[in-house]
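Asker: the following block contains a protein sequence and its predicted model.
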Amino acid sequence: MTVLPSTEFLHLIIDGQTRNVVRLHERNCTCGRFQLDDIPCPHAMAVIQKFHMDSYKDCSDYYNIDYLLKTYEIPVNPLPDETMWQISEDVSSQVVLPPKGKIKPGRPKKKRGIGGWEGNTVTCALCGRKGHNRRTCRNIPKRD
(Lines give C-alpha, C1' and ligand atoms only; values in the text may rest on other atoms or scores of the structure.)
Protein backbone atom coordinates (compact mmCIF):
# COMPACT_ATOMS: atom_id res chain seq x y z
CA MET A 1 0.00 0.00 0.00
CA THR A 2 1.21 3.46 -0.87
CA VAL A 3 0.52 6.22 1.67
CA LEU A 4 0.27 9.77 0.31
CA PRO A 5 -0.26 12.40 3.03
CA SER A 6 -2.47 15.33 2.10
CA THR A 7 -2.56 17.05 5.49
CA GLU A 8 -1.52 16.01 8.97
CA PHE A 9 -4.71 13.99 9.49
CA LEU A 10 -5.84 13.28 5.90
CA HIS A 11 -4.08 10.55 3.89
CA LEU A 12 -4.67 8.88 0.53
CA ILE A 13 -3.96 5.13 0.48
CA ILE A 14 -3.43 3.45 -2.91
CA ASP A 15 -3.91 -0.30 -2.72
CA GLY A 16 -3.56 -1.72 -6.22
CA GLN A 17 -6.53 -0.33 -8.16
CA THR A 18 -8.45 1.00 -5.14
CA ARG A 19 -7.97 4.35 -3.44
CA ASN A 20 -9.07 5.04 0.12
CA VAL A 21 -8.99 8.21 2.18
CA VAL A 22 -8.14 7.88 5.89
CA ARG A 23 -8.94 10.60 8.43
CA LEU A 24 -7.19 9.54 11.64
CA HIS A 25 -8.53 12.36 13.85
CA GLU A 26 -12.11 11.32 12.93
CA ARG A 27 -11.34 7.56 13.00
CA ASN A 28 -12.74 7.35 9.49
CA CYS A 29 -11.84 5.48 6.28
CA THR A 30 -13.69 5.32 2.98
CA CYS A 31 -13.66 1.50 3.10
CA GLY A 32 -15.99 1.72 6.13
CA ARG A 33 -14.27 -0.90 8.29
CA PHE A 34 -12.64 1.66 10.61
CA GLN A 35 -16.03 3.10 11.58
CA LEU A 36 -17.73 -0.29 11.78
CA ASP A 37 -15.23 -2.15 13.96
CA ASP A 38 -13.86 0.83 15.94
CA ILE A 39 -10.36 -0.53 15.33
CA PRO A 40 -7.99 0.64 12.59
CA CYS A 41 -8.59 -0.98 9.19
CA PRO A 42 -5.61 -2.07 7.06
CA HIS A 43 -5.54 1.34 5.34
CA ALA A 44 -5.39 3.18 8.68
CA MET A 45 -2.75 0.73 9.92
CA ALA A 46 -0.60 1.60 6.87
CA VAL A 47 -0.71 5.28 7.88
CA ILE A 48 -0.03 4.47 11.54
CA GLN A 49 2.96 2.28 10.68
CA LYS A 50 4.42 4.77 8.18
CA PHE A 51 4.47 7.59 10.73
CA HIS A 52 5.38 5.31 13.70
CA MET A 53 2.28 6.19 15.70
CA ASP A 54 0.64 4.24 18.51
CA SER A 55 -2.14 2.08 17.06
CA TYR A 56 -3.78 1.47 20.45
CA LYS A 57 -4.87 5.10 20.82
CA ASP A 58 -6.98 4.79 17.65
CA CYS A 59 -8.89 1.78 18.99
CA SER A 60 -12.16 2.23 20.81
CA ASP A 61 -12.07 2.19 24.61
CA TYR A 62 -14.33 -0.87 24.54
CA TYR A 63 -11.34 -2.98 23.47
CA ASN A 64 -9.40 -1.84 26.53
CA ILE A 65 -8.72 -4.35 29.31
CA ASP A 66 -10.20 -1.97 31.93
CA TYR A 67 -13.56 -1.99 30.13
CA LEU A 68 -13.49 -5.77 29.96
CA LEU A 69 -12.91 -6.01 33.70
CA LYS A 70 -15.70 -3.50 34.41
CA THR A 71 -18.09 -5.72 32.44
CA TYR A 72 -17.64 -8.57 34.90
CA GLU A 73 -17.32 -6.36 38.00
CA ILE A 74 -20.98 -6.77 39.02
CA PRO A 75 -21.90 -10.36 39.90
CA VAL A 76 -24.78 -11.94 37.99
CA ASN A 77 -26.83 -14.45 39.94
CA PRO A 78 -28.52 -17.30 38.08
CA LEU A 79 -32.29 -17.71 38.19
CA PRO A 80 -33.70 -20.13 40.76
CA ASP A 81 -35.49 -23.33 39.75
CA GLU A 82 -38.74 -22.83 37.81
CA THR A 83 -40.78 -24.34 40.67
CA MET A 84 -39.64 -21.50 42.95
CA TRP A 85 -40.70 -18.66 40.63
CA GLN A 86 -43.32 -16.25 41.96
CA ILE A 87 -45.62 -15.35 39.07
CA SER A 88 -48.44 -12.88 39.62
CA GLU A 89 -52.02 -13.98 38.99
CA ASP A 90 -52.68 -11.53 36.12
CA VAL A 91 -49.66 -12.84 34.18
CA SER A 92 -50.37 -16.53 34.76
CA SER A 93 -54.05 -16.12 33.77
CA GLN A 94 -53.23 -14.80 30.28
CA VAL A 95 -53.43 -17.38 27.52
CA VAL A 96 -51.02 -17.02 24.61
CA LEU A 97 -52.37 -18.55 21.40
CA PRO A 98 -50.36 -19.57 18.34
CA PRO A 99 -50.50 -17.29 15.29
CA LYS A 100 -53.53 -17.57 12.99
CA GLY A 101 -51.51 -18.12 9.81
CA LYS A 102 -52.50 -21.06 7.64
CA ILE A 103 -49.90 -23.34 6.09
CA LYS A 104 -50.65 -24.00 2.46
CA PRO A 105 -50.84 -27.64 1.39
CA GLY A 106 -48.28 -29.12 -0.98
CA ARG A 107 -44.58 -28.96 -1.47
CA PRO A 108 -42.98 -25.49 -1.31
CA LYS A 109 -41.58 -23.95 -4.49
CA LYS A 110 -37.93 -24.55 -5.28
CA LYS A 111 -37.42 -21.24 -7.06
CA ARG A 112 -38.77 -17.83 -6.26
CA GLY A 113 -41.06 -16.11 -8.70
CA ILE A 114 -39.37 -13.65 -11.01
CA GLY A 115 -41.17 -10.36 -11.49
CA GLY A 116 -41.81 -8.86 -14.90
CA TRP A 117 -39.13 -6.23 -14.40
CA GLU A 118 -36.45 -8.88 -13.70
CA GLY A 119 -36.95 -11.33 -16.55
CA ASN A 120 -35.33 -10.79 -19.92
CA THR A 121 -37.87 -10.11 -22.63
CA VAL A 122 -36.82 -11.92 -25.78
CA THR A 123 -37.29 -10.14 -29.10
CA CYS A 124 -37.47 -12.00 -32.40
CA ALA A 125 -34.84 -11.04 -34.94
CA LEU A 126 -37.11 -11.93 -37.89
CA CYS A 127 -40.43 -10.27 -37.11
CA GLY A 128 -39.40 -7.90 -34.27
CA ARG A 129 -42.13 -9.03 -31.84
CA LYS A 130 -41.44 -9.78 -28.20
CA GLY A 131 -41.99 -13.09 -26.43
CA HIS A 132 -40.21 -15.48 -28.80
CA ASN A 133 -36.96 -15.80 -30.73
CA ARG A 134 -36.17 -16.48 -34.39
CA ARG A 135 -36.06 -20.26 -33.86
CA THR A 136 -39.65 -20.39 -32.56
CA CYS A 137 -41.02 -17.63 -34.81
CA ARG A 138 -44.32 -18.44 -36.56
CA ASN A 139 -44.52 -15.06 -38.26
CA ILE A 140 -41.95 -15.83 -40.94
CA PRO A 141 -42.16 -13.23 -43.72
CA LYS A 142 -42.84 -14.65 -47.16
CA ARG A 143 -40.10 -14.49 -49.76
CA ASP A 144 -40.91 -13.55 -53.38
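Answerer: Everything's here; your move.
Asker: now the strands for the chain?
Answerer: Here the chain has its strands, by DSSP state E, at 2-5, 10-15, 18-23, 28-29.
Asker: go through the ones you listed and pick out the most buried.
Answerer: strand 28-29 (a mean of 20; mean count of other CB atoms under 10 Å). Yep, even glycine has a C-beta here, placed from its N, CA and C like the rest.
Asker: paired strands for that strand, with orientation please.
Answerer: strand 18-23 (antiparallel) (DSSP bridges).
Asker: which residues are contacting the strand it pairs with?
Answerer: Outside strand 18-23, the residues that touch it by CB atoms under 8 Å, 6 or more residues apart in numbering are 9-13, 28-31, 34, 43-44, 47.
Asker: returning to that earlier point: which of the strands of the chain sits closest to residue 55?
Answerer: In terms of CB to CB, the element of these nearest to residue 55 is strand 18-23, at 12.8 Å.
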